[in-house]
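J.: coords please:
(chains A, B, C and D)
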2 protein chains.
Amino acid sequence: MSVDAKGRGNVTLKDVAARVGVTQAAVSMALAGNPRISEKTRRAVQRAAAELGYVPSSAGRALRRQSAGAIALIVPNTSHHVFGHAYFMHVLTGVSSSSNAHDAQVIVSTNTDGAEGVNAYERVIRSGSADGVIVTSAAVDDANVEALVASGLPVVLIGNFPYLPEAVSVGTDDVAASRLVTEHLITVHGRSRLLHVSGPLDHQTGIDRREGFLQAVRAHALGENALVLEGDMSEESGAEAVRQAHDMGVEVDGVVFANDDMAFGGMQTLRRLGRRVGDDIALVGFDDFGIARTTTPGITTMRVPAERMALAASDTLFAILAGERTGPAHVELPVEFIARTSCGCAGDALSE
Amino acid sequence: MSVDAKGRGNVTLKDVAARVGVTQAAVSMALAGNPRISEKTRRAVQRAAAELGYVPSSAGRALRRQSAGAIALIVPNTSHHVFGHAYFMHVLTGVSSSSNAHDAQVIVSTNTDGAEGVNAYERVIRSGSADGVIVTSAAVDDANVEALVASGLPVVLIGNFPYLPEAVSVGTDDVAASRLVTEHLITVHGRSRLLHVSGPLDHQTGIDRREGFLQAVRAHALGENALVLEGDMSEESGAEAVRQAHDMGVEVDGVVFANDDMAFGGMQTLRRLGRRVGDDIALVGFDDFGIARTTTPGITTMRVPAERMALAASDTLFAILAGERTGPAHVELPVEFIARTSCGCAGDALSE
DNA sequence: CTGAAAGCGCTTACAG
DNA sequence: CTGAAAGCGCTTACAG
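T.: Below is the predicted model of the structure:
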């Protein structure tokens, strides 16, 4: 029964039923468009519901239907401040748009954990808060992800998980992408002494982009001159890696950074060291989530289709929830090479 | 009763009760730490719960408690692609951190609406999906916000809503902030022919920053030479406004943009028009969500404490939900002036 | 002190 | 065809 205007004590089916003079069950069916309810009654019910401002209780409905009508987007907080990163915005945009199309809510969850017993990722599903989850930016040694996938609960991962053959995931071919940008530096810009500043090597992305770099330098017999340093995807670590290479006395003429943030950090440091970026040193990044386009010179990069990956991941999750057969367990989306001036190409508006 | 390992048919209190040989109610109390349950039983219950991987059903609990244990962050999609904007990341970070501290879930909701009858913002509360909502970036003419505030449901708004005296909100003093940067151009850099590229004037932020600009130019008797053009916060509109002023034959020596994105767009255009930014023309922006720091020259700006606003808004919402008396209806957080080179100050790392 | 029912709001299977 | 009960999982007020 409705109590007051101040929220608590909301309008329920019973209230609508009392107003119309039918049973609660009839109201439910009427609102669901069940043909068993007469046109006349349905109209009356709809009018009463509108007048009273009836909104179905999500808890009542969820309990009865055994489904929350929501999915969760989980971001392991162990990973590198992803939550504050532009990547996440794109992911959320994709997930949100798919969820809207499927009339589902989106729960955003950082893994705060500490909870013993049940794995934090499973918790959100087992509690029924969400019917399925999307996990992004997981580390390769994240046992929670493994357990979650093994449990058979509805999960779609964003990224590559070669060590989880049963996982449903959406990623990009990072190895090929990295090989491609590296070869761009070699073949188009004639670079031969290359540095790779990798991402953290406990993330598949870090591993794969490094692998692509190595394949390229080896294929061109430049392995001898190549150096790899591990960063953590932050601007600072890009700067740090460049300084470290400098301090080691290693002279490089091209740098492949595993993301744009590191490329930006590295670029500033290179400049302070007196290097002319795009001229006597070429550099490229990964992501194109924003920063690469705004710097001077602009950063040549491999655009990662984060929003589309998230959209595909969500659509796949909804397909799984609907019991529809899903396609291949791992989907790969194409990346896009964006030439700007940092590598020596002139595609940069600001450079005009 | 638990059915299988594949999710559906989860472990419930009944399962735990059967395992231990007590009633479902006893299990509930045991897990809640109710002293009425003996230490021995409590232990046995906890062990059984852990073994079975019991996780309380959020629907069952929500229905019984009449509270969802979640808050919603609502972003009107009518507003300017906020969802994909860095501002939103900061807001989400703040809301999320507060929610974690309060053991609540965060539902992120774009107002897709079209739903007749109940206002879209109220829906999420009346359905019980969320116990309260945070609304960000609402237009001044958004009747939904007004209705929501008037309804007395638990809401906290981010931003300034002078026309909604009953609203609980967290904002910054945009008028003062804008007056301050404008005066910086006038008094520190001796600028006298000023352009303001405002935000959309159906948003309080647009109105207030414009007002601050006008106060400053009037106070310095520069109103005659001042021009105001309306933008929409996008990079393109910043570029467009600058070009428009140019085409009008208006020669300006200083520009106050209502945000950094417009400042960046404007800066590129000014450069193409042959102006030296930070030298023969000074410009400033608002936000400092990322881009202002990465451009060359760096953009002088007023940093908006988005994350802290969101944190304060969430904390306030949880206080309201807890029935605690809340402080003043409108809280104002300080902005921070960040001097970089675009205004003529030399504070920019890249300019060294 | 403890056992077990009631009831949150919903939908649908069942009885009439 | 329609009325009304059952039951989703939980917590707490109530009866014993």
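J.: for DNA strand D, what's the nearest residue on the stretch 151-300 of chain A?
T.: DNA strand D sits closest to A:L153 of the stretch 151-300 of chain A, with a gap of 15.2 Å, by CB to the nearest atom of the strand. Bear in mind the C-beta positions are built from the backbone N, C-alpha and C, glycine included.
J.: wait, that residue touches A:V124, no?
T.: No. Contact criterion CB atoms under 8 Å: A:L153 and A:V124 do not qualify, at 9.7 Å.
J.: what's the average pLDDT for stretch A:85-104?
T.: Across stretch A:85-104, pLDDT averages out at 91.
J.: if you count neighbours, what's buried in it?
T.: Under the neighbour-count criterion of 16 or more other CB atoms under 10 Å in any protein chain shown, stretch A:85-104 has A:85-100, A:102, A:104 buried.
J.: ok, and does that stretch reach over to chain B?
T.: Yes. Applying CB under 8 Å from any CB of the partner chain, one finds stretch A:85-104 touching chain B at A:85-86, A:88-90, A:92-93, A:96, A:100.
J.: shared neighbours of A:L153 and A:V124, anything?
T.: Overlap of the contact sets of A:L153 and A:V124 (by CB atoms under 8 Å, 6 or more residues apart in numbering or on different chains) consists of A:V133.
J.: walk me through the domains of chain A.
T.: Domains of chain A are assigned by automatic domain parsing as A:13-56, A:70-171+A:307-334, A:174-305+A:337-351.
J.: closest to B:M267 out of these?
T.: Among those, the nearest to B:M267 by CB to CB is domain A:174-305+A:337-351 (9.2 Å).
J.: all strands of chain A, in order?
T.: Secondary structure of chain A (DSSP state E): strands located at A:70-75, A:105-110, A:132-136, A:155-158, A:169-172, A:194-198, A:227-230, A:254-257, A:282-287, A:300-303, A:330-333, A:336-338.
J.: which of those sits closest to chain B?
T.: strand A:105-110 (5.1 Å; CB to the nearest CB).
J.: quick one: the closest one near chain B?
T.: Yes. Contact of strand A:105-110 with chain B (CB under 8 Å from any CB) involves A:105-110.
J.: which of the buried residues of stretch A:85-104 fall within helices?
T.: The members of these that map onto helices under DSSP state H are A:86-100.
J.: now, which of the residues you listed sits nearest B:R61?
T.: Once CB to CB is applied, the member of these that ends up nearest B:R61 is A:S99, at 23.1 Å.
J.: list the contacts of the closest one.
T.: Counting by CB under 8 Å, 6+ apart, A:S99 touches A:71, A:105-106, A:314.
J.: what does A:I125 give?
T.: A:72, A:131-133, A:153-154, B:7 are the contacts of A:I125 under CB under 8 Å, 6+ apart.
J.: and it, how far is that from A:G132?
T.: Between A:I125 and A:G132 the distance, using CB to CB, to the nearest Å, works out to 7 Å.
J.: then A:A176?
T.: Distance of A:A176 to A:G132, given as CB to CB: 30 Å.
J.: okay, these two: which has more neighbours?
T.: A:G132 (23 against 16; other CB atoms under 10 Å in any protein chain shown).
J.: what's the pLDDT at the more buried one?
T.: 95.
J.: bridging residues for it?
T.: Beta bridges link A:G132 to A:I71, judged by DSSP bridges.
J.: that one reaches A:S151, doesn't it?
T.: No. Judged on CB under 8 Å, A:G132 makes no contact with A:S151 at a distance of 11.9 Å.
J.: out of the contacts of A:I125, which comes closest to A:M29?
T.: The shortest gap between A:M29 and any of the contacts of A:I125 belongs to A:D131, at 24.0 Å (CB to CB).
J.: list the contacts of that closest one.
T.: A:67-71, A:104, A:125, A:154, A:321.
J.: where among the domains of chain A is average confidence lowest?
T.: Ranked on mean pLDDT, the bottom entry among the domains of chain A is domain A:70-171+A:307-334, at a mean of 87.
J.: and it, how far out from the chain middle?
T.: Chain-centre distance of domain A:70-171+A:307-334: 8 Å, with CA atoms, centre = their mean, to the nearest Å.
J.: repeat that for stretch A:292-310.
T.: Worked out by CA atoms, centre = their mean, stretch A:292-310 lies 14 Å from the chain centre.
J.: start and end of it, how far apart?
T.: 21 Å (CA to CA, to the nearest Å).
J.: that one vs chain B: in contact?
T.: Yes. Counting by CB under 8 Å from any CB, contacts between stretch A:292-310 and chain B involve A:294-296.
J.: A:V140 and A:Y163 touch, don't they?
T.: Yes. At 6.7 Å, A:V140 counts as touching A:Y163 under the criterion of CB under 8 Å.
J.: for the two, indicate the residue with more neighbours.
T.: A count of neighbours by other CB under 10 Å puts A:V140 above the other of A:V140 and A:Y163, at 20 against 10.
J.: contacting residues for the more buried one?
T.: By CB under 8 Å, 6+ apart, A:V140 lies in contact with A:161, A:163, A:202-204, A:207.
J.: again, only using 10 Å
T.: Each residue near A:V140 by CB atoms under 10 Å, 6 or more residues apart in numbering or on different chains is listed here: A:146, A:159-164, A:200-207.
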